[in-house]
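Student: my questions concern the predicted model and sequence given below.
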Amino acid sequence: MKFNDTLTTVIKQALEVGATPALMGEPGIGKSSFVDGLAYTMGTKAFVLPCNQLADKADLTGARLVPYTTDDGSQSYKQVFYPHQVIQDCIDYARENPREWPILFLDEINRTTSDVTSGALTLVTLRRMGHVDLPDNVRIIVAGNDKGNVTSLDEASLSRFAILHVEPDTSTLFNVLGNALNPWVKKVLTQYPGMIFQKSIPTAFVADGQDDGDDDKVTMAELFDSGEEMNQLTTPRTIDTLSKWLNKADPRELAQYLQMQVQIGDRDTTLLNEIIEGFAGNTAFSTQLVTVIADDLASNPAGQQNHVNVPKPNCYAQLKSARTVNDLETEITVLTANELSGAVLFALQESDDNARLIEHLARAATQFEKEHLRTLMEMMTKQQFDRSNLEAFLVSDTPISNKLKPTLEVYL
């Protein structure tokens, strides 16, 4: 099943009847992000425990031998359970919020030792860790990989789950990333949505199968899973990272990378290819993306891509997440002049409805910093601003907006 609204509905229904969904699929396709989003739509929180980071079962169950004094005064030991911090946090939250269904998400359940996998299965079946019971309102979801070097689950274990084989969905990725998705990346995926997940082309091709008497040949599947090569993948996770890098990169530098010849193994290619393959693998997606970038840069020899690079202040995420006016004002009071100037600038170009944010920032900011003012005018000239946000800025009737109003009004 694809990561879309249908899958969300199916899993919600499964959780309602007390089933434990198991999301099985390739690595990096968005299982963790999906569960986080699912919890948000359910009005609760997801507590994520990456099982592949646990060394042994004791890390999961918290079993420890502790010394104690017996009734006759002698020293002995007893086994005491201290649930993993993530599990304990989930238990505490569930008790404090009895009307919610917090999600305990056991990720990478079968990409770990068999001992850890066994402990995770016990938690699912018994809903208990030692003497500590999971509250009734806790819901469990597990996720794992259905291929590669994984711990196999027997039929008795599998029967305890609702196993859903999942795969990425391009339209969902578009919805999740929104305007943050790089235009070049979006162009490729719009034309070729199936490229959202691909494995790298191996550096050496071998026959799929073995001839009699030729014991040295390996199959293509064995080559991918052998661990001999560290081949990057094209997945929603790697696409997201690549998109962020392209958004930060200077188009003029990309044009230079495109002209620089390098050699990867026996292949002659460009530095831009090498960089993009480092993010998303040697796949058809990477090849197509380089082609799109090259074509776009060729139509604009200066390498400007008609794009203004507007810096996003580190404080911006906190400002956007403020739930109340008081929270927003509290965040604004600690900002420096440079942060205030940069936050106004970024809010003006963002396509979100930033009217409230802009109003409060404009009251606090006294002026645009020199570099920010230069970027602002470049944004205006290239029409890379949000019209409604600019209008909100101009009607804020603040010193910073009134000073620029005669200049900026001409762009509306």
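Tutor: Perfect, thanks for sending it. Computed from a prediction, not measured in an experiment: that's the story for all the values here.

Student: residue boundaries of the helices in the stretch 1-150 of the chain?
Tutor: 5-16, 31-41, 57-61, 85-96, 114-126 (DSSP state H, counting those that start in this stretch).

Student: now the helices for the stretch 201-350 of the chain?
Tutor: 220-225, 236-248, 251-259, 271-280, 284-298, 316-321, 325-333, 337-349.

Student: list the buried residues in the fifth one.
Tutor: If I follow you right, that is helix 284-298. F285, S286, T287, Q288, L289, V290, V292, I293, A294, D296, L297 (16 or more other C-beta atoms under 10 Å). Heads up, the C-betas are built off the backbone N, CA and C, glycines and all.

Student: could you count how many residues lie near the residue nearest to the fourth one when sequence neighbours are not counted?
Tutor: Distances taken as C-beta to C-beta, 6 or more residues apart in numbering put V188 closest to Q288, at 5.0 Å, once the chain neighbours are dropped. By the criterion of other C-beta atoms under 10 Å, V188 has 24 neighbours.

Student: pipe the helices of the stretch 201-350 of the chain into a markdown table and attach distance to Q53 per row.
Tutor: Below are the helices of the stretch 201-350 of the chain laid out as a markdown table (distance: least, C-beta to C-beta, whole Å):
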| stretch | distance to Q53 |
| --- | --- |
| helix 220-225 | 22 |
| helix 236-248 | 17 |
| helix 251-259 | 35 |
| helix 271-280 | 24 |
| helix 284-298 | 29 |
| helix 316-321 | 26 |
| helix 325-333 | 33 |
| helix 337-349 | 35 |
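
Student: nearest to L404, out of these?
Tutor: With C-beta to C-beta, the closest approach to L404 among the helices of the stretch 201-350 of the chain belongs to helix 337-349: 10.5 Å.

Student: between helix 325-333 and that closest one, find me the angle.
Tutor: Angle of helix 337-349 versus helix 325-333, following axes from the mean of the first three to the mean of the last three C-alpha atoms, to 10 degrees, is 130 degrees.

Student: helix 337-349 and the helix or strand just after helix 337-349, what's the angle between them?
Tutor: The helix or strand immediately downstream of helix 337-349 is helix 355-364, counting by DSSP states H and E. Counting by the same axes, to 10 degrees, helix 355-364 lies at 150 degrees to helix 337-349.

Student: quick one on the thing from earlier: present the helices of the stretch 201-350 of the chain as TSV; the columns should include distance to S76 and mean pLDDT.
Tutor: Formatted as TSV, those follow (distance: least, C-beta to C-beta, whole Å; pLDDT from 0 to 100):
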stretch	distance to S76	mean pLDDT
helix 220-225	48	40
helix 236-248	49	91
helix 251-259	67	89
helix 271-280	56	94
helix 284-298	61	92
helix 316-321	52	93
helix 325-333	53	94
helix 337-349	60	93
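
Student: so which of these gets nearest W184?
Tutor: helix 284-298 (5.1 Å).

Student: residues making contact with that closest one?
Tutor: Residues from elsewhere that reach helix 284-298 (C-beta atoms under 8 Å, 6 or more residues apart in numbering): 184-185, 187-189, 191-192, 195-196, 198, 234, 239, 251, 254-255, 258, 270, 272-273, 276-277, 280, 303, 305.

Student: cool, and stretch 261-275?
Tutor: With C-beta under 8 Å, 6+ apart, stretch 261-275 has contacts from 203, 254, 257-260, 277, 282, 286-287, 290, 293-294.

Student: between the residues you listed, which is nearest T172?
Tutor: Nearest member of these to T172, counting by C-beta to C-beta, is S286, at 21.3 Å.

Student: circling back to that earlier point, can I assume the residue nearest to Q288 sits in a helix?
Tutor: Yes: under DSSP: H, G, I helix; E, B strand; the rest coil, V188 sits within a helix.

Student: let me know which of the helices of the stretch 1-150 of the chain is tucked in deepest.
Tutor: Highest mean neighbour count among these (mean count of other C-beta atoms under 10 Å): helix 57-61, with a mean of 20.

Student: show me where pLDDT drops low in the protein?
Tutor: For the chain, the stretches with pLDDT under 70 are 58, 61-63, 81, 130, 147-158, 202-230, 301-307.

Student: now the residue of it positioned farthest from its centre: phi and psi?
Tutor: Centroid-distance maximum for the chain: D72 at 57.1 Å, with C-alpha atoms, centre = their mean. When read as degrees, to the nearest 10, the backbone of D72 gives phi -90, psi 10.

Student: are any of the contacts of helix 284-298 buried, and which?
Tutor: 184-185, 187-189, 195-196, 198, 234, 239, 251, 254-255, 258, 270, 272-273, 276-277, 280, 303, 305.

Student: show me the one of the helices of the stretch 201-350 of the chain that comes nearest L15.
Tutor: helix 236-248 (23.3 Å).

Student: one step back: out of the helices of the stretch 201-350 of the chain, nearest to L65?
Tutor: helix 220-225 (38.7 Å).

Student: residue contacts, E277?
Tutor: Counting by C-beta under 8 Å, 6+ apart, E277 has contacts S200, Q232, I264, T283, S286.

Student: if I look at the last one, how far off is P193?
Tutor: Going from S286 to P193 by C-beta to C-beta, to the nearest Å gives 16 Å.

Student: one more: L328?
Tutor: Distance from L328 to P193, by C-beta to C-beta: 38 Å.

Student: and N273, by the same measure?
Tutor: Applying C-beta to C-beta to N273 and P193 gives a distance of 22 Å.

Student: same question for G178.
Tutor: Distance from G178 to P193, by C-beta to C-beta: 17 Å.

Student: list the contacts of E26.
Tutor: N145, D146, K147, E167, F197, L233, T235.

Student: thank you, goodbye.
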